[in-house]
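> here are the coordinates; sequence isn't available:
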C-alpha cells in the first residue's frame, strides 16, 4: 500500500472540525469553550472567549440573534442549549473592561467608514486595530445605529454610550450629522485609500462581492445594505470580513486566498448522538439566568466533536490524538533525516486492531497507516530494535526444531490407521504458538478430539504463523514464514488448516488466501462437543471477541453456539463482534509499550462485571494478569477444575518456551511413538536458584532462564567473570545476538544463587 | 563521561585477580560511538558494567539512539 496516500486519508478525519454552533455563528465564537467555562462557573473566562471573536461583547453579547442556537444538535435529542441566554450570562457576570491594546502605528492607509451602525462600527474598530487611520461618517447625531433600538430593553443606554466611547479613546475620528450621498462618496473615494459603505440603505443598487464585499476598486460595502437581513451578528460579521478585505486591498495581497470558512458554513462534523442522555433545558426567567442556573444549563452542552475512534481506543486516548494529527505526526516522523523520531513510540503503541477504522464514518485507514509506517521504518533501518526484539526471537524459537513440527496423522493410512491408503489427510491442525505456550494440555486434548471425531484424517503442524513479524513490519521474516507454511501445505497434500488462534487466521487470510482454513470452534460446533465438556448451569459470561477475527462472523457465531450448548448465558459487551476491542497484546504493544498494553487491559476488563469468555490465548493471559476471571473457550471444554482455570495466570516467558518444547516431545512420544533424539536439556541442569524478585525483573527485561544458563555456563567454561570479595558475588556476561546479558550470582553447595540479571544493547568496542 | 559507581570499585577480575580500574572505553550502539569511563581489568581488558548503569543511564542512551 502507498503510505503517502494512506497518510493523505488522515485529512478526511473530522475530529478537529467545529461543532454546528460555531460553524453557524458568522463570526465563529467558540461556543463549546464558552459553555465549558460557564459550566465551570468561570464567567470571566467565558467573557474572554466571547471577546476573542466578538466586537463590543458587552453589547452584542446581549442582543445577538444567535444562529448558533438554531444549529445546536441537542435539539434532536431534547432541546437546544439556551446559548443566547448563556452568552448574556457570560457578559452579565464576567464583563471586564477591554484591555488596553497596544496602539499600532497607523501605516496601513486612510479609510473612511460611512455609517456608524453595527457593521460600520465593527469595521472601524477592526481597521483601527490593523493600523488604518479611520474616519467614521454618521448621518444621525450619535454612533450606534440599531444598538439604540435595544436601549431600555436588553441594553442599558449608559452602557451603550460607555462602550462606544472606545472610539474616542482610540483616537478614531468621528463625524456625526454628516450624511454622505453619491457625490460625497465620490469625494471620499478620492480623499481616502479605501471606503467602507455600511449605511443600511443606499440611493442606488450596489453589487458587492459576497466573499470580499468589494464593490469596485477601493469601494467596499457591507451590513444590511448588502445582506438585506436584519441579523445583528450577520452585520457584525460583514464588518469584520470587510475589514480583512480592506487590509488585504491596502497591502496589495490576495483578496480571496484562504477565506473559505468566513461567515456561516455547514460543518462536515458528524456528531454521533447515541451516547447523549436526554436532559431538560433549565428554564430561564425574563431577566436572565442566575449564575448557578446558567452553569447547570451550560453543562448540558455535548461539546460536539467526533470522537468515534478516540472514545473506544486506549491508545488514541493515551496519546490524546485523533487520526488527522496522527497522520501528520507520522508524516513528520517519516521525513526526519537528522534528529529525533519523536513519534516512534506512538507508532509502536498501536495494537493494529482496526477498531478506529471500523468506527470511522469517513473512511480514514489509521490501522493500515500505522502498519505501513512500521514496514517503512524497518526498510529505512529506523525501527527501534528493542521494540519487537523479544517477540521476534520467540517466533524464531517456535519455528526452530524445538517446537516446529509437521506430521501426518498417527497410524494414518497404515494397517491400523483410520484413513484410506494413499490419500493425504484432509485436515491439518495448527494450534499456533501462544495457545501451545499458555495451555499445552488444551492443545493436546483438542488434537485428540480431532483425531477421534474426524475420519478424513487430521495431521498436526506446530510453529508460529508469523503474526509477530507482520506486526513488527518485518516483511523479510514474514515472507519466510509464508513460504514455510505454504511448503508444509503442499507437502501435506493441500489440507484444510484447522486453526485455534484468530491471529493465525488473519495471517492466513492476508498472506495465504489460497489455503482453506476453518476455526477449531466451527469444527467443534459442527462435530459436537467432547463428552467431558463442563456445563455452565446458568452462569453468565461476557464474550470478548478477538480483534483479529473482527470480521469473521461465522467464527464469532460458532463460539456463541458452543457457549450456549455448554449451558452458559451470554451478556454481550458493548463493543463486540466487528466492534470488538483489543486486549492489549495486538501489534506487539505488550512488548513495545507495556504501560499502553496495561491501559488496554484495564479498559476492557472494566466493561463488564461478568467473567469473560475469550478464544485467544493472549487475551486470556492478559485479562487474568489484570485480575479478571477469564475463561478460554477450551477451559470450559477441557479443564478439569474450571474455577481454577479461569484465574490461572500465564506462565512466565521461559516457561512458555518450555511448554511448547515439551508439547512437541510429548505428542511425538504418545501419538507417534517417536522419541526426540539429541534431546535438549530443558531442565535446570546448573541448579539455579532464582528468587521471585529476580524472576520478576527477568520478565520485565525479557530475559529467559536459558539466557542466564548460557551466561553462567560460559563463565564456568572460560573463567571470564568478575568477583566481589565484599559480597562474595560473581558477575559474568555474554553477548547473545544483539544483547549483552549479565548475571550476578553466588556459588553454594551444589547450587547457584542468582542475585541479579540485567542486559544492555550497547556494545564494548574491543581495540 | 564518567560512569563508575562507588560500589563498582570492589570488583576484581576473577581470572587475572586484578582490581578493576576506571579506564576510558569505547562503546557503540546503532549510529552512536562514545568514549566512556568504565571499570576495566588492567591486564585482560575485560570491562565490567553494573546493573544500575545498564538499566539506568545506558538504557536511556540506547533509547535515545533508537529514535535518532
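Thanks, I have it. Bear in mind that the values here come from a model prediction, so they are computed numbers and not experimental data.

> please enumerate the strands of the stretch 601-750 of chain A.
In chain order, the stretch 601-750 of chain A shows strands spanning A:611-614, A:630-632, A:688-689, A:722-724, A:729-736, A:739-747, with DSSP state E, counting those that start in this stretch as the criterion.

> just chain B next, same as before
Along chain B, the segments classed as strands by DSSP state E run B:12-13, B:18-19, B:21-29, B:32-40, B:47-48.

> relative to chain A, which of these is closest?
For these, distance to chain A was read as C-beta to the nearest C-beta. The smallest value, 3.9 Å, belongs to strand B:21-29. To be clear about C-beta, it is placed using only N, CA and C from the backbone, and glycine gets the same treatment.

> roughly how far is the closest one from the heart of the chain?
When C-alpha coordinates are averaged (C-alpha atoms, centre = their mean, to the nearest Å), strand B:21-29 and its chain have centres 6 Å apart.

> how about it, which residues are buried there?
When neighbours are counted by 16 or more other C-beta atoms under 10 Å in any protein chain shown, the buried residues of strand B:21-29 are found to be B:25, B:27, B:29.

> hang on, the earlier thing: dump the strands of chain B to a markdown table, plus distance to residue A:640.
Compiled in a markdown table, those are given as follows (distance: least, C-beta to C-beta, whole Å):
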| stretch | distance to residue A:640 |
| --- | --- |
| strand B:12-13 | 54 |
| strand B:18-19 | 59 |
| strand B:21-29 | 50 |
| strand B:32-40 | 54 |
| strand B:47-48 | 50 |
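
> using a markdown table, lay out the ones you listed together with mean pLDDT.
Converted to a markdown table, those look like this (pLDDT from 0 to 100):
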| stretch | mean pLDDT |
| --- | --- |
| strand B:12-13 | 96 |
| strand B:18-19 | 95 |
| strand B:21-29 | 95 |
| strand B:32-40 | 93 |
| strand B:47-48 | 96 |
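
> not counting its neighbours along the chain, what's nearest the residue sitting nearest the centre point of chain B?
Using C-alpha atoms, centre = their mean, the residue of chain B that lies closest to the mean C-alpha position is residue B:38, 3.8 Å off. If you skip the residues right next to it in sequence, residue B:38 has residue B:25 as its closest partner in space, 4.6 Å away by C-beta to C-beta, 6 or more residues apart in numbering or on different chains.

> next one, pLDDT for residue A:547 please.
Reading off the per-residue confidence, residue A:547 sits at a pLDDT of 97.

> quick one: residues contacting it.
Counting by C-beta atoms under 8 Å, 6 or more residues apart in numbering or on different chains, residue A:547 touches A:351, A:353, A:354, A:355, A:502, A:580, A:581, A:582, A:583, A:586.

> now it: phi and psi?
Note on residue A:547: backbone dihedrals following degrees, to the nearest 10 are phi -70, psi -30.

> do you know how far it is from chain B?
Residue A:547 sits at a distance of 27 Å from chain B (criterion: C-beta to the nearest C-beta, to the nearest Å).

> which phi and psi values does the residue nearest to that residue when sequence neighbours are not counted adopt?
On the basis of C-beta to C-beta, 6+ apart, the spatially nearest residue to residue A:547 that is not a chain neighbour turns out to be residue A:353, at 3.7 Å. Backbone torsions for residue A:353, taken as degrees, to the nearest 10, come to phi -80, psi -20.

> in this structure residue A:353 contacts residue A:584, no?
No: taking contacts as C-beta atoms under 8 Å, residue A:353 lies outside contact range of residue A:584: 9.5 Å.

> do you know how far residue A:740 is from residue A:559?
Between residue A:740 and residue A:559 the distance, using C-beta to C-beta, to the nearest Å, works out to 45 Å.

> residues from chain B in reach of chain A?
By C-beta under 8 Å from any C-beta of the partner chain, the part of chain B that sits against chain A consists of B:10-15, B:20, B:25-30, B:33, B:38, B:45-49, B:51, B:54-55, B:58-59, B:61-64, B:66-68.

> drop anything exposed from those.
Of all these considered here, the ones buried according to neighbour count by 16+ other C-beta under 10 Å are B:10-15, B:20, B:25, B:27, B:29-30, B:38, B:46-49, B:51, B:54-55, B:58-59, B:61-62, B:66-67.

> on that earlier part again, settle it for me: which of residue A:740 and residue A:559 has more neighbours?
Regarding residue A:740 and residue A:559, a neighbour count based on other C-beta atoms under 10 Å in any protein chain shown identifies residue A:559 as having more, with 25 against 19.

> how about the more buried one, what does it touch?
With the criterion set at C-beta under 8 Å, 6+ apart, residue A:559 makes contact with A:521, A:543, A:545, A:613, A:615, A:633.

> narrow those residues to those in helices?
Within the contacts of residue A:559, residues falling in helices by DSSP state H are A:521, A:633.

> give me the PyMOL select line for the contacts of residue A:559, limited to the buried ones.
If you want just the buried ones from the contacts of residue A:559 in PyMOL, going by 16+ other C-beta under 10 Å, the selection is:
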select buried, chain A and resi 521+543+545+613+615+633
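
> so which of the contacts of residue A:559 is the closest to chain B?
Proximity to chain B was ranked across the contacts of residue A:559 by C-beta to the nearest C-beta; first place goes to residue A:545, at 34.3 Å.
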